[in-house]
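K.L.:
Let's see this in three dimensions:
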Amino acid sequence: MPSADLWHGVLPVDKPSGITSHDVVSQVRHIFGQRGVGHTGTLDPRATGLLILCLGRATKVAQFISSFEKTYVADICLGRSSTTYDGEGLDYAIPAVPVPELDAVKLTELLARYTGKIRQRVPAFSAVKVQGQPLYRAARRGEDVEPPEREVEITSLRLLSYLAPYMRIELTCAKGTYVRSLAHDIGQHLGCGAYLASLRRTHVGSYSIDKAHSLPELEKKQADGRLAGLILPVEKVLNYAAFNVTDEFSRQVVSGRALRAPDLVSVEGDFHAGDRVVLKDAAGQILAIGTASVDATAVGTDPKKPLFTYLRVLN
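P.N.:
Purely as a prediction, here's the structure:
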């Protein structure tokens, strides 16, 4: 495998069930013939759907893409509980619990309880670390470890269908939300138990599963020599407002030179102090990601005032 990365950009992949996100990364490394490949947020092995991979220099922006909101379609089975909150931890020797009478109105009212900022307990079988070790290791050893609670945000949650005992929902949520925990909490509230039967990620930020490529598709295109054009430039994914800078300033971004009004060619989009913004060169290529130090309306009012705080340089 070549040591230098030849491919740079973002690749949306449709992850199949039964393999880990790292397995997907490994296969893509093999298909594209380079080590520089990373993901922007894992999916559980049983889950399917949109996995955004970063190749080459784009691996430097993975942390920013991972903070995008994500949308899922989830099937929740009522009447049974699971130690893992999904199908893996089911014990069919334990009888199912009767499910209360429910309809679309009652379920919509129930889902409203979990919309917005909520407290959620992390599943015991998860990679979240407590005292330096992943929770799932202690859980598999049968140790009694209290999973932590944390605040998460579900910005949209709606019922798609209900055919007892299965309910299908669609939710959009911030980073760190466990859909497995949501399923478990719904079951606890109803008193009959519930687990996550299936999960498919359909959107990451503005990117849709419709634009994703399956692994067999990637393998075929590699065999046919048609991988070019599949990788999206970083500029297509990071839709932040931008400071468009002079050629002279572009050459000094790597050294972290402070951005001031005389270094600007133009400003793209609207923003406030503290918002995420990027620096772009004359060709529209992103040079760095950071935060604005002023509102867009205040740019140019003080030629000596720094306008930008660096978070990551992409050179």
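
K.L.:
who are the neighbours in contact with Ala194?
P.N.:
Going by CB atoms under 8 Å, 6 or more residues apart in numbering, Ala194 touches 76-81, 183-184, 186-188. Bear in mind the C-beta positions are built from the backbone N, C-alpha and C, glycine included.

K.L.:
where are the low-confidence patches of this protein?
P.N.:
For the chain, the stretches flagged by pLDDT under 70 are 1-3, 124-144, 146-148.

K.L.:
sorry, back to before: quickly check the contacts of Ala194 for the two that are furthest apart.
P.N.:
Cys77 and Gln188 (14.1 Å; CB to CB).

K.L.:
Pretty sure Phe271 sits in a strand.
P.N.:
No. Remark: Phe271 does not belong to a strand; assigned using DSSP: H, G, I helix; E, B strand; the rest coil, it is coil.

K.L.:
wouldn't Val179 be in contact with Leu196 here?
P.N.:
Yes. Val179 lies in contact with Leu196 (CB atoms under 8 Å); the separation is 5.9 Å.

K.L.:
okay, those two: which has more neighbours?
P.N.:
Neighbours were counted for Val179 and for Leu196 using other CB atoms under 10 Å; Leu196 has more, 29 against 23.

K.L.:
Run a quick check on the more buried one versus Ile76, I expect a contact.
P.N.:
Yes. Counting by CB under 8 Å, Leu196 does reach Ile76; the two are 6.2 Å apart.

K.L.:
between the two, what contacts are shared?
P.N.:
Residues touching both Leu196 and Ile76 by CB under 8 Å, 6+ apart: Ala183.

K.L.:
how far out from the middle of the chain is the helix or strand where Ala242 lies?
P.N.:
For Ala242, the host element (DSSP states H and E) is strand 241-245. Taking the mean C-alpha point of strand 241-245 and that of its whole chain, the gap between them comes to 25 Å (CA atoms, centre = their mean, to the nearest Å).

K.L.:
got the CA positions of stretch 226-246 in PDB?
P.N.:
Written as PDB, here are the backbone C-alpha positions of stretch 226-246 (Å, rounded to 0.1, in the frame of the first residue of the first chain):
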ATOM      1  CA  ARG A 226     -13.900   4.900 -11.800                       C
ATOM      2  CA  LEU A 227     -13.300   6.100  -8.200                       C
ATOM      3  CA  ALA A 228     -12.600   9.600  -9.300                       C
ATOM      4  CA  GLY A 229     -15.600  11.800  -8.700                       C
ATOM      5  CA  LEU A 230     -17.000   9.900  -5.700                       C
ATOM      6  CA  ILE A 231     -15.100  11.900  -3.200                       C
ATOM      7  CA  LEU A 232     -16.600  15.300  -2.200                       C
ATOM      8  CA  PRO A 233     -14.300  18.300  -1.500                       C
ATOM      9  CA  VAL A 234     -14.300  19.500   2.100                       C
ATOM     10  CA  GLU A 235     -15.800  22.800   0.900                       C
ATOM     11  CA  LYS A 236     -19.000  20.900  -0.100                       C
ATOM     12  CA  VAL A 237     -19.500  19.500   3.400                       C
ATOM     13  CA  LEU A 238     -18.400  22.400   5.700                       C
ATOM     14  CA  ASN A 239     -21.100  24.900   4.900                       C
ATOM     15  CA  TYR A 240     -19.800  27.600   7.200                       C
ATOM     16  CA  ALA A 241     -19.600  31.300   6.700                       C
ATOM     17  CA  ALA A 242     -16.200  32.300   5.400                       C
ATOM     18  CA  PHE A 243     -13.500  35.000   5.400                       C
ATOM     19  CA  ASN A 244     -12.100  35.100   1.900                       C
ATOM     20  CA  VAL A 245      -8.400  36.200   2.300                       C
ATOM     21  CA  THR A 246      -5.700  37.600   0.100                       C
END
